[in-house]
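Asks: For reference, the sequence and a predicted model appear below.
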Protein chains: 2
Amino acid sequence: MRYSHLFGKTTSNVTKKYDSISHELLMKAGYIDQVAAGIFSFLPLGKRVLARIESIIRDEMNTIGGQEIAMPALQPKAVWETTDRWNSVDDLFKIKSMYGKEYGLGPTHEEIVTPLAKKYVKSYRDLPLYLYQIAPKFRDEARAKSGILRGREFGMKDLYSFHENRADLSSFYTKVTDAYLTIFKRCGLIDVKITEASGGSFAKKYSHEFNVITPAGEVDLIYCTACNFAQNTEIAALQKGDVCPHCTKGSVQIDKAIEIGNIFDLGTRFSSAFDLTFTARDGSQQFPMMGCYGIGTTRLLGTVVEVNHDEKGILWNRETAPYDCHLINLSSDQEKHADAVYRTLLGKGFEVLYDDRIEISSGQKLMVADLIGIPIRLIVSDRTGRDIEWKSRTDKKTRMMTVAQVIEKLSLKS
Amino acid sequence: MRYSHLFGKTTSNVTKKYDSISHELLMKAGYIDQVAAGIFSFLPLGKRVLARIESIIRDEMNTIGGQEIAMPALQPKAVWETTDRWNSVDDLFKIKSMYGKEYGLGPTHEEIVTPLAKKYVKSYRDLPLYLYQIAPKFRDEARAKSGILRGREFGMKDLYSFHENRADLSSFYTKVTDAYLTIFKRCGLIDVKITEASGGSFAKKYSHEFNVITPAGEVDLIYCTACNFAQNTEIAALQKGDVCPHCTKGSVQIDKAIEIGNIFDLGTRFSSAFDLTFTARDGSQQFPMMGCYGIGTTRLLGTVVEVNHDEKGILWNRETAPYDCHLINLSSDQEKHADAVYRTLLGKGFEVLYDDRIEISSGQKLMVADLIGIPIRLIVSDRTGRDIEWKSRTDKKTRMMTVAQVIEKLSLKS
């Protein structure tokens, strides 16, 4: 994509105050646009990053046997009454049709996936079953804040699992935990705390959250600096400075964190509500045990920026960056060479953002590239001749390369 | 995917009456599930076809310079008041938040895309601009019907264009028309009528619809059997049997048709409402001319089935089929061979649906394959030995091939 044609250019004269760094950087760099409090559009750059994050999630969900489906946002009132949640889920947007029908606008999909599974699950041979989707979700939030970190409409991957017994559910629960850590790592989030939390409105028993410590967070997290122990302060009986009950070595800290994923053991709460039964191995009729596993995709995108940035802009990794590389021409005499490099890279199947503008200063172009944050930068200038300067976003060193060398190095995964 | 693991098996004992053949076939073959009138889930097979259709659309939109974005479904009341449409668009779902805010649930996105463009379009140099998205849409339909042909929640690609002047809009309008015909052809719809229609609630002037003639349609189309002339009967002054006013040779017929796409010349209706102006070449401030171009993605999927099926089931083409091929093992003695073929094909990057069930009769497996409708079938049986029988869905002839020959033939695009 030629930057001259890209919709959503960076803007430096943003005077508005933002309550999170991710909101500020994503707005300034042209990734997102705010429609209203908690409601955003994703511009071409933002949509590309979101698609790459979704692709990572899809990969890992398929690897553990997940089957992708698509469920509707419009959910009939009747299914929410079946689970007694029409009036108990605080943040459910409710819609009344002109024709008298009432719907909830899905903040979650237990009420849809359980009756769906009921149509096909008859015997233990149909279990386990893992269904997921990646779709918009809606929550009637009292206070939307921090840009895409807490929205009224947001992207989410939600996975639902159905099992013969608790042992099978537990073993899958562990698999999802591992898959989640892989997803977050691939997105560039290394330090993710697996946190014990209460089940919220979903389950009576404990659930687990995946939290990232950052000042923009809104969860109070108590965690050990020496081991993996972490608890949501809502359920923790500990105080700052206490000895960690898990490793008994470290002391616990309290900091703000963002919840980027969660897993719930739902038990038979929903299968019993919808009378979803299966014939067990012993011939008896039983309710499957269910699990539910969420990742907020747009929140994850925001969190990556919250954690991975410097004073100049965003720091994507190669898997999440909107383009494989950012080609920048700094010389009006080198236009033909830069154009040829651009076409060659496209021809080799690379996705390239190409700053082809000639009326803009070199300093301005490099500032824009820093703000956008693609990790690999290819510079054409008066001094590169027929070659190209390779520079990583975070490294001051540059390396002169031939086009063939660039292609070879871009083809390496890392 | 092993059919034994696939969620959403075919079901033959559907006694319910459906009002369209696509609804019946998609339900029976396990592509979709009905949640409520006009509201559907897409099961794994359906989700895969939808993804392939979306990919075709994305391809063709990118080819004509479209930039993909994602806009929200929740649209503040204020923007609908700005265009005087809060009370005039019949099928707008309205939501009132617990916290007093009011939203429309987007049936279309002029109210979002125009203010968005206003933030970035300043000069004629920023034009033309083509923005599109593929996203759920919502309509408070009095009567949802015919399965996914007319839903309350449905998938849509909507493209919006912004131009310096009408000549530029007209030339892009033609480009989109061509792109649409390419999309429909790639999906397997060859006979698509480009129809003159009234602008509906969007525009005063004529617009164009893309219609496919089929008994499940709900538009009355008057069309010439000898040339391309077609008009929506709402605006037509002709009657059945009249001489075609376009070619003056054929006579016109009237039949039911499904509208799978539309294009509107919006003029400055929305740019003026939002005071979106640009500095023209002569220095004056002007409103850009806008166009709007829709394709219902889920309706397109349904229409393909409506048109392309036989008495046994669905007839996908290679681009829209949920899998590249359907591998069927008919012999309990050949399990190892069939498994090896499956793994080999996966290893070569093909997407394979593999009917690995041994407790099911050959006749039943072939019936299931006919119903699902993947165009290429690979059969392993007692008489295939180390080879495979290649059979197309619509051809009675089969051809014995080695695995290497199968791979070679699958790699050919058509």
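Replies: On my side now, so go ahead.
Asks: Mind naming the longest strand for chain A?
Replies: strand A:252-267 (DSSP state E).
Asks: Quick one: list the elements packing against it.
Replies: Strand A:252-267 is packed against helix A:166-186, strand A:193-197, strand A:207-213, strand A:219-224, strand A:289-296, helix A:297-307, with contacts defined by 3 or more Cβ pairs under 8 Å, 6 or more residues apart in numbering or on different chains; DSSP states H and E. For glycine as for every other residue, the C-beta is placed from the backbone atoms N, C-alpha and C.
Asks: and that strand, which residues are buried?
Replies: A:252, A:255, A:257-267 (16 or more other Cβ atoms under 10 Å in any protein chain shown).
Asks: now that strand: mean pLDDT?
Replies: For strand A:252-267, mean pLDDT is 94.
Asks: angle of it against strand A:193-197?
Replies: If you take axes from the mean of the first three to the mean of the last three Cα atoms, to 10 degrees, strand A:252-267 sits at 70 degrees to strand A:193-197.
Asks: Would you mind measuring from whatever residue of the stretch 251-400 of chain A ends up closest to chain B to residue A:338?
Replies: Residue nearest to chain B within the stretch 251-400 of chain A: residue A:298 (9.3 Å; Cβ to the nearest Cβ). Taking Cβ to Cβ, to the nearest Å as the measure, residue A:298 falls 34 Å from residue A:338.
Asks: cool, residue A:305 as well?
Replies: According to Cβ to Cβ, residue A:305 stands 29 Å off from residue A:338.
Asks: okay, how far is it across stretch A:134-153, tip to tip?
Replies: 13 Å (Cα to Cα, to the nearest Å).
Asks: And chain B, is that stretch touching that?
Replies: Yes. Applying Cβ under 8 Å from any Cβ of the partner chain, one finds stretch A:134-153 touching chain B at A:135-136, A:138, A:140, A:142, A:152-153.
Asks: Ok, stretch A:321-338 next?
Replies: No. With Cβ under 8 Å from any Cβ as the criterion, chain B is not reached by stretch A:321-338; the gap is at least 11.5 Å.
Asks: And stretch A:104-124, by the same measure?
Replies: Yes. Stretch A:104-124 lies within reach of chain B by Cβ under 8 Å from any Cβ, at A:105, A:112, A:115-116, A:119-120.
Asks: thinking again about what came up before, spatially, which two of the buried residues of strand A:252-267 are the most separated?
Replies: The span of the buried residues of strand A:252-267, defined through Cβ to Cβ, is set by A:255 and A:267 at 31.6 Å.
Asks: just to revisit the earlier point, relative to residue A:42, which of the helices and strands packed on strand A:252-267 is closest?
Replies: Short answer: helix A:297-307, nearest of those by Cβ to Cβ, at 7.9 Å.
Asks: which element follows that closest one toward the C-terminus?
Replies: Sequence order places strand A:309-310 as the next helix or strand after helix A:297-307, per DSSP states H and E.
Asks: For that next one, give the mean pLDDT please.
Replies: Averaged over strand A:309-310, pLDDT sits at 98.
Asks: go on, stretch A:149-158?
Replies: On average, the pLDDT along stretch A:149-158 is 96.
Asks: just stretch A:77-95 next, same as before
Replies: For stretch A:77-95, mean pLDDT rounds to 95.
Asks: Can you give me the pLDDT of residue A:104?
Replies: 97.
Asks: Could you tell me how many residues sit around it?
Replies: Neighbours of residue A:104 under the rule other Cβ atoms under 10 Å in any protein chain shown: 22.
Asks: And it, which helix or strand is it part of?
Replies: Using DSSP H and E, residue A:104 falls within strand A:102-105.
Asks: So which residues make contact with that strand?
Replies: Defining contact as Cβ atoms under 8 Å, 6 or more residues apart in numbering or on different chains, one finds that strand A:102-105 is touched by A:73-77, A:80, A:86, A:89, A:92-97, A:111, A:138, B:95, B:105.
Asks: repeat that with 10 Å
Replies: Outside strand A:102-105, the residues that touch it by Cβ atoms under 10 Å, 6 or more residues apart in numbering or on different chains are A:72-81, A:85-86, A:89, A:92-97, A:111, A:136-140, A:152-153, B:36, B:39, B:73-74, B:93, B:95, B:103, B:105, B:138, B:140, B:152-153.
Asks: Put the buried members of those residues into a ChimeraX selection.
Replies: The ChimeraX selection below is limited to those of these classed as buried (16+ other Cβ under 10 Å):
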select /A:72,73,74,75,76,77,79,80,85,86,89,92,93,94,95,97,111,136,137,138,139,140,152,153 /B:36,39,73,74,93,95,103,105,138,140,152,153
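Asks: Among the contacts of strand A:102-105, which are located in helices?
Replies: With helices taken from DSSP state H, the overlap with the contacts of strand A:102-105 comprises A:77-81, A:111.
Asks: hang on, residue A:388 packs against residue A:330?
Replies: No. With contact defined as Cβ atoms under 10 Å, residue A:388 and residue A:330 do not form a contacting pair (11.5 Å).
Asks: So residue A:267 sits against residue A:290, correct?
Replies: Yes. With contact defined as Cβ under 10 Å, residue A:267 reaches residue A:290; the gap is 7.1 Å.
Asks: Around chain B, which positions in the stretch 251-400 of chain A sit nearby?
Replies: Applying Cβ under 10 Å from any Cβ of the partner chain, we find that the stretch 251-400 of chain A lies next to chain B at residue A:298.
Asks: quick one, strands of the stretch 251-400 of chain A?
Replies: Listed in chain order, the strands of the stretch 251-400 of chain A (DSSP state E, counting those that start in this stretch) span A:252-267, A:278-279, A:285-286, A:289-296, A:309-310, A:313-314, A:325-329, A:352-355, A:376-380, A:388-392, A:398-401.
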